[in-house]
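In: here is a sequence together with a model predicted from it:
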Amino acid sequence: VVNFAKRMGYFPDSKVFRLLYTSVVESRLFYCCLAWAEVAFQKGLLDKLESAQLILAKCITRCYKNSPIKLILLFSDIYPASFYLKYMVAKKYFQVKQIRDRYRLSICPDIGGRLPVISAIIRSIEFFGISYRSVVERRVFDFDGIHPSLRREIETVLDFTSTSKFGVYDKCDLHIFTDGSKDDKDNTGCGFAIFKGYDLLNPVLRVIFHLPRHVSVYQAELVAIREAIKVCIDKWAATCRKVCFHIDNKPAIITSAAPTSKTSPLSFENYKLMIESPFDVRLCYIAAHKGFYGNEMADQLAKDGAANTPSGSNHDVNIINLVDIDISMGTAKGILRKKLDQQLAQKWSSIICSDTTMKLIPSFQHARNVVDFQCHKPHQKRFLIWFLTGCCPLNHYLFRLKLKASPKCDGCGSEVEDRNHFLNVCPLYDGYRSALIRKNWEIFQRWPGSNFQWWLEDKCNTRILLDYIIITKRFGRRSSCSSEHSDT
């Protein structure tokens, strides 16, 4: 596939090779990884997988052939197989737990229970510092046993066109405003306020919920809808007919009105409650943070629930703690991905072999900054990757490959032309350094010198480094080592 892409002339565009990797290579390398789980701890096989990854990583970055494998994979936004396979094993395990009800799998506290859990799966999950006993949301099939004759369409209004200062569309027996919230510390809460009839200033009921930290904002919105429906059925089933929900989260509206097997089971609970209730339920979208009284009140209730402390305006409202909410698969993936990044950050010193490279890229976050860095001309980014990996057309590197007779600089001839000499010392490029300082005087007033990590701390700094590499034209020169350039 790679050779075909080269023959068709796609090589200058790294996006094509990135697409080839995600659609062709990755899907096959890690397919049935639960069956391969033992591979995740066999170094020889992991090295082979990383070699297969490197084939396309070289095409994406256009790096030199003998560049460090793991660093090039990260610059290509490809996780090394030695880490990624463990992530895939853990993710697939939790996906199997999602369908436990359909296949009558029992998740017991003992190792495995009736769900087979081999040692490699447990080791992969523990590699990320989480528990294999964590219960994820189950997947619901066939409307969870709801008979087709009982199903009905729930009215939804997704286009906000209300001209009322309260954000409502028409008069209903009950107007319910719901919201969910999550703060910077992952504390989660939700709440709702119910208004009756024409009085949209004085709520008849306010409720606050404090939820577990693993609950997402989307789940919090669904919980608020579910609890509000239950309260309405208990209190106003005999006196009210039309109930209107005002929600500022469109996915929560859509999935509650028409759940599928890929949506949260909370949406099925909401749907079932709505069709079994004696009300005509309408789910309406309301614009958030636009000053609508009911929405702002629900937003404050949700924030109070996340903080687990009622604010001044809600001092008379008790907070209810809900703990029986399973982890969503999206949250489980997010936790695993975060743990994957943490593992790479912890093992960063073993990934980097060169002292100069470690000074330039002292942490995994600096490497992520390089991946996220966008060039106006994408093909020029390879110069930056060459410089950062140390495998670049400088005489110090070419001399090691026996492509140059001397490692000394061609410009000054006095010192070895390594990355420090090229960037900070060589007098041939003093004019370029001074010009960049004058051009970017708001960012820096003098050349960073030995402070190598400064170049990757911010995208503006990285832009200056790439500009310096380009204007010197040192990496764009034709040389006798052209056969070593990338893997073209």
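Out: Alright, I've got the coordinates. Residues are numbered from 1 along each chain as shown.
In: the nearest residue in space to residue 359 that is not next to it in sequence: neighbour count?
Out: Using C-beta to C-beta, 6 or more residues apart in numbering and skipping the chain neighbours, the partner closest in space to residue 359 is residue 452 (4.1 Å). All C-beta atoms are positioned from the backbone trio N, CA, C, and that covers glycine. Neighbour count of residue 452, defined by other C-beta atoms under 10 Å: 20.
In: dump the residue contacts of residue 452.
Out: Contacts for residue 452 were tallied using C-beta atoms under 8 Å, 6 or more residues apart in numbering; they are 356, 359-360.
In: give me the buried entries from the residues you listed.
Out: 356, 360 (16 or more other C-beta atoms under 10 Å).
In: among the contacts of residue 452, name the ones in strands.
Out: With strands taken from DSSP state E, there is no overlap with the contacts of residue 452.
In: for the contacts of residue 452, which one is nearest residue 30?
Out: residue 360 (30.9 Å; C-beta to C-beta).
In: centroid residue for this protein?
Out: Nearest residue to the geometric centre of the chain (C-alpha atoms, centre = their mean): residue 334, 6.4 Å.
In: tell me which residues of the helix or strand harbouring it are tucked away?
Out: In the assignment (DSSP states H and E), residue 334 maps to helix 329-346. For helix 329-346, the neighbour count (16+ other C-beta under 10 Å) marks 329, 331-333, 335-336, 339-340, 343-344 as buried.
In: just stretch 20-27 next, same as before
Out: Those would be 20-21, 25-26, for stretch 20-27 by 16+ other C-beta under 10 Å.
In: that stretch - what's its average pLDDT?
Out: Average pLDDT, stretch 20-27: 79.
In: go on, stretch 267-284?
Out: In this model, stretch 267-284 has an average pLDDT of 90.
In: just stretch 125-137 next, same as before
Out: Stretch 125-137 comes out at a mean pLDDT of 78.
In: can you pull out the helices in the stretch 301-450 of the chain?
Out: Under the criterion DSSP state H, counting those that start in this stretch, the stretch 301-450 of the chain contains helices at 329-346, 348-351, 355-360, 364-372, 381-389, 395-400, 419-420, 430-439.
In: tell me which other helices or strands the shortest one touches.
Out: The criterion is 3 or more C-beta pairs under 8 Å, 6 or more residues apart in numbering; DSSP states H and E, and the helices and strands that helix 419-420 contacts are helix 355-360.
In: what's the offset of the helix it packs on from the middle of its chain?
Out: 28 Å (C-alpha atoms, centre = their mean, to the nearest Å).
In: kindly report the same for stretch 209-219.
Out: Relative to its parent chain, stretch 209-219 has a centroid offset of 18 Å by C-alpha atoms, centre = their mean.
In: what residues sit buried inside it?
Out: 209-212, 214-219.
In: and that stretch, average pLDDT?
Out: The model assigns stretch 209-219 a mean pLDDT of 92.
In: re earlier: how about the buried residues of stretch 209-219, which pair is most distant?
Out: Greatest spacing in these, by C-beta to C-beta: 210 and 218 (17.2 Å).
In: can you tell me how far the residue lying closest to residue 262 once chain neighbours are set aside is from residue 80?
Out: Spatially, and ignoring its direct neighbours in sequence, residue 262 is nearest to residue 139 (7.6 Å; C-beta to C-beta, 6+ apart). Residue 139 sits at a distance of 31 Å from residue 80 (criterion: C-beta to C-beta, to the nearest Å).
In: closest to residue 226 among the buried residues of stretch 20-27?
Out: Distances from residue 226 to the buried residues of stretch 20-27, taken by C-beta to C-beta, are shortest for residue 26, at 37.6 Å.
In: okay, residue 81 and residue 257: tell me how far apart.
Out: Counting by C-beta to C-beta, the separation of residue 81 from residue 257 is 42 Å.
In: so after the worst-scoring helix or strand of the chain on mean pLDDT, what's the next helix or strand?
Out: None of the helices or strands of the chain scores lower by mean pLDDT, DSSP states H and E than helix 2-7, at a mean of 66. Of the helices and strands lying after helix 2-7 in sequence (DSSP H and E), the nearest is helix 14-20.
In: for that next one, packing partners?
Out: helix 2-7, helix 43-61.
In: mean confidence (pLDDT) on the longest one, please.
Out: Which is helix 43-61. In the prediction, helix 43-61 has an average pLDDT of 82.
In: starting at the chain centroid, how far to the helix or strand that that helix is followed by?
Out: Going down the chain from helix 43-61, the next helix or strand is helix 69-75, by DSSP H and E. Remark: helix 69-75 is offset 19 Å from the chain centroid, using C-alpha atoms, centre = their mean.
In: quick one: mean pLDDT for whichever helix or strand comes after helix 69-75?
Out: The first helix or strand that comes after helix 69-75 along the chain, using DSSP H and E, is helix 81-98. In this model, helix 81-98 has a mean pLDDT of 83.
In: with stretch 352-365 instead?
Out: 87.
In: grab the CA positions of it and hand them over as PDB.
Out: The C-alpha coordinates for stretch 352-365 follow below in PDB (Å, rounded to 0.1, in the frame of the first residue of the first chain):
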ATOM      1  CA  ILE A 352      15.300   9.400  24.700                       C
ATOM      2  CA  CYS A 353      18.900   8.300  24.300                       C
ATOM      3  CA  SER A 354      20.700  11.500  23.300                       C
ATOM      4  CA  ASP A 355      21.600  14.200  26.000                       C
ATOM      5  CA  THR A 356      21.000  17.000  23.600                       C
ATOM      6  CA  THR A 357      17.700  15.600  22.600                       C
ATOM      7  CA  MET A 358      16.700  15.300  26.200                       C
ATOM      8  CA  LYS A 359      17.600  19.000  26.700                       C
ATOM      9  CA  LEU A 360      15.500  20.000  23.700                       C
ATOM     10  CA  ILE A 361      12.600  17.600  24.600                       C
ATOM     11  CA  PRO A 362      12.800  17.200  28.400                       C
ATOM     12  CA  SER A 363       9.300  15.800  28.800                       C
ATOM     13  CA  PHE A 364       6.500  14.000  27.000                       C
ATOM     14  CA  GLN A 365       4.400  17.300  27.000                       C
END
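In: from now on call the first residue 23
Out: Done: numbering now begins at 23, and the last item shifts to stretch 374-387.
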